[in-house]
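> Starting from these lines, generate the structure:
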Amino acid sequence: MYCPSAFRQDDLATLHQQIQASGLALLSSAGEQGLQASHLPLLLEPHEGEFGTLYGHFARANPHWRDLATGTEALVVFSGADGYVHPGWYPAKAEHGKVVPTWNYIAVHAWGQAEVFDDPERLLRLVSRLSERHEQGRARPWAVSDAPRAYIDAMLRAIVGFALPIRRIEGKWKLSQNRSAGDQAGVRAGLAESARASDRELAQQMNPTD
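Got it, this is the predicted structure:
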């Protein structure tokens with residue numbers, strides 16, 4: 001990921017927080033079947049290894065897991081808020097007109113090699129934890145135990161799990177840090193007034209010290 005120093009985010013706690021906040025990750029790798037990419041919900045264990053370990057599962061019918069089983073390196077992308085930056089938000093436009101549109105965004109990239117597994121009990125623990133995470137806060141949260149065990153056992157046979165220790169991690173918080181304080185304030189105000197939720201989230205991520 002191209003990441004000028006102004007946009008680089010190196011704080012591991014912040015990177016982990018963004019991973020946890022991302023509902024769906026993009027996992028990509030290159031193997032015998034060429035480039036492949038899968039959209040997957042993942043779990044992060046922050047305390048396993050230096051950067052943490054990611055856990056998830058594929059449909060067994062998805063050939064992607066077979067490449068991971070050979071030890072090929074995988075890249076996992078977690079996307080945060082993003083938004084278009086209108087040139088008119090820059091005070092510099094009125095001063096000299098030397099401005100162009102851009103796009104602000106937050107992203108975390110993580111690399112590693114996965115361990116693939118299909119042990120039923122290990123898979124059961126994984127899908128139970130995933131369900132618990134995404135059912136939190138609901139009035140009547142669903143649990144894996146709500147479904148008949150025979151049905152769950154059949155579903156488990158249809159998936160393959162993986163654990164991916166993170167070997168390298170990068171974060172990019174592109175929030176107009178390369179602009180003047182006045183231009184940053186203009187972008188922050190413009191995003192805050194947008195009807196788009198992701199724009200307003202970006203505005204909250206920006207602060208006067210960026």
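> looking at the chain, which helix or strand does the model trust least?
Using mean pLDDT, DSSP states H and E, helix 91-95 stands out as the lowest-scoring helix or strand of the chain, at a mean of 87.
> what about the strands in this protein?
Ranges of strands in the chain, per DSSP state E, are 8-9, 25-31, 34-40, 43-45, 53-59, 73-85, 102-113, 115-117, 159-165, 168-174.
> Pull out the buried positions in stretch 92-106.
Of all the residues in stretch 92-106, those buried under the rule 16 or more other CB atoms under 10 Å are 92-93, 99, 104-106. C-betas here are computed from N, CA, C, even on glycine.
> Give me the contacts around it.
For stretch 92-106, the external contacting residues (CB atoms under 8 Å, 6 or more residues apart in numbering) are 18, 79-87, 90, 171-176, 179-180, 182-183, 187, 191, 202, 205.
> Now list the buried members of those.
Here, 16+ other CB under 10 Å leaves 18, 79-83, 85-86, 90, 171-176, 179, 183, 187, 191, 202 buried among the contacts of stretch 92-106.
> for this structure, what's the longest helix?
helix 120-135 (DSSP state H).
> how big is the angle separating that one from strand 34-40?
60 degrees (axes from the mean of the first three to the mean of the last three CA atoms, to 10 degrees).
> Buried by neighbour count: which residues of stretch 186-199 qualify?
Within stretch 186-199, the residues scored as buried using 16+ other CB under 10 Å are 186-188, 190-191, 194, 198-199.
> Right, I'll call it a day here.
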